[in-house]
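Okay, sequence plus prediction incoming.
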Amino acid sequence: MASPMLEILPTLLKRANDTVNNTHTGDFDLCVDITPECPVEATIYGYYPNLGANAFFLALFAACLVAHTYLGLRYKTWTYLIALWFGCLGEALGYAGRIILHHNPWDGNGFDIQICCLIICPAFFAAGVYLTLKHIVIELGPSYSHLPARWYTWIFILCDILSLVLQGAGGGIAATADHGSNMIDVGNDLMMAGIVWQVITLIVFGSLCTSYALRLRSNKNNLPPKAYQLLHTTRFRAFLGGLALAYITIFTRCVFRIAEMANGWKNSIMQDETDFIILEGVMIVIATLCLTIFHPGLVFPEMQDHKLKGLSGVTEQEVKEVHQSSPEDGSPLGYGRK
């Protein structure tokens with residue numbers, strides 16, 4: 001009697017072990033909270049999002065949202081206001097979603113909010129950077145630019161919209177797909193495509209900016225006096241430095257997101273919160289602060305002067321008029337402002 005029992009004992013133990021393993025590595029569709037059967041390690045991120053870091057990011061983006069509302073209304077930089085307003089709002093909502101996940105990593109609503117908002121919103125900050133180049137070219141000289149000044153806004157904002165559509169569609173599909181569904185991979189691929197397109201757009205934009213800066217530098221002795229004066233004011237240099245830093249941090253964040261999503265959900269990069277905080281959160285915080293502290297209404301009022309003069313669809317002749325006309329104080333378009 002003992003011998004048959006000993007013979008089947010290993011089989012029974014194996015079946016019991018398989019049952020336990022299946023419980024922890026199987027289907028988690030029914031998980032709604034942390035339990036022994038639904039551990040935090042089985043969630044997509046595999047951790048409880050840090051409450052302090054996410055609360056800090058939420059508060060900072062909310063403060064920048066208020067600041068941009070005031071500055072945009074004060075200086076009437078409407079398009080810049082729209083881009084930065086939606087960017088700050090989306091980031092604040094995204095980190096609110098991560099705070100929800102801190103309390104319950106299985107919360108579907110928290111995951112949906114943060115994945116959609118934090119994926120797409122940096123594109124709005126990139127748009128804020130793109131919007132300024134046309135006005136910089138108008139002030140410093142369109143003859144050194146490879147493209148007519150008015151083209152920059154149209155080309156790069158349209159590219160940014162395409163990036164937003166791809167990332168938004170991908171985030172929406174991934175957020176609403178059933179666990180284990182192929183649609184999750186479809187959503188991931190669309191988000192990847194949107195971010196890759198955003199990186200390509202940023203590279204082209206950076207290349208054009210670099211080329212313009214080099215051509216400007218090589219012809220600095222031939223610049224119109226008013227353009228030369230503007231280029232050497234502290235406020236304008238601070239504006240350019242803020243834009244450059246914002247560009248670098250947005251680009252860094254996008255490269256990180258590509259690496260994070262390249263190996264699908266639950267990969268080691270995606271489950272490293274420190275990398276996320278530094279390369280996503282801190283990078284976009286720096287970009288936002290640059291675009292807020294060095295707001296064009298504060299340090300580049302010429303951008304608003306163009307709108308007041310009706311130069312939204314600027315032509316070469318109108319650019320010449322910008323350098324020839326003078327306001328009532330005798331200082332061409334505020335070039336004397338420090």
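Everything's here; your move. Residues are numbered from 1 along each chain as shown.

Need the residues that contact the helix or strand harbouring Ala63.
Using DSSP states H and E, Ala63 falls within helix 51-75. With contact meaning Cβ atoms under 8 Å, 6 or more residues apart in numbering, helix 51-75 is reached by 77-78, 80-81, 84-85, 88-89, 91-92, 95-96, 98-99, 102, 277, 281, 285, 288-289, 292, 295-298, 301, 304. Every C-beta, even on glycine, is put in place using the N, C-alpha and C of the backbone.

do that again at 6 Å, thanks
Helix 51-75 is contacted from outside by 81, 84-85, 88-89, 91-92, 95-96, 98-99, 102, 277, 281, 288, 292, 295, 297, 304, using Cβ atoms under 6 Å, 6 or more residues apart in numbering.

from those residues, which ones fall inside helices?
Among these, the residues falling in helices (DSSP state H) are 81, 84-85, 88-89, 91-92, 95-96, 98-99, 102, 288, 292, 297, 304.

Which of the residues you listed ranks first by neighbour count?
The most crowded member of these, judged by other Cβ atoms under 10 Å, is Thr288 (29 neighbours).

pLDDT score assigned to the residue lying closest to that residue once chain neighbours are set aside?
What sits nearest to Thr288 in space, not counting adjacent residues and going by Cβ to Cβ, 6 or more residues apart in numbering, is Cys64, at 5.2 Å. On pLDDT, Cys64 comes in at 98.

Could you measure from Cys64 over to Pro296?
Distance of Cys64 to Pro296, computed by Cβ to Cβ, to the nearest Å: 15 Å.

same question, Gly281
25 Å.

do the same with Asp160
Distance, Asp160 to Pro296, using Cβ to Cβ: 18 Å.

cool, Trp265 as well?
In terms of Cβ to Cβ, Trp265 sits 40 Å off from Pro296.

do the same with Pro225
Pro225 is 23 Å from Pro296, by Cβ to Cβ.

now Phe56
Distance, Phe56 to Pro296, using Cβ to Cβ: 27 Å.

the more surrounded of those two?
Per other Cβ under 10 Å, whichever of Phe56 and Pro296 has more neighbours is Pro296, with 23 against 15.

number of nearby residues for the residue nearest to the more buried one when sequence neighbours are not counted?
In space, and not counting its chain neighbours, Pro296 is closest to Met303: 4.4 Å by Cβ to Cβ, 6+ apart. Around Met303 there are 22 other residues, counting by other Cβ under 10 Å.

just His146 next, same as before
Other residues lying near His146 total 10 when counted by other Cβ under 10 Å.

Helix, strand, or coil at it?
Under DSSP: H, G, I helix; E, B strand; the rest coil, the three-state class of His146 is coil.

And it, its phi and psi?
Dihedral angles of His146 (phi, psi; degrees, to the nearest 10) stand at phi -70, psi -20.

Quick check: the gap between it and Ile155.
Distance, His146 to Ile155, by Cβ to Cβ: 11 Å.
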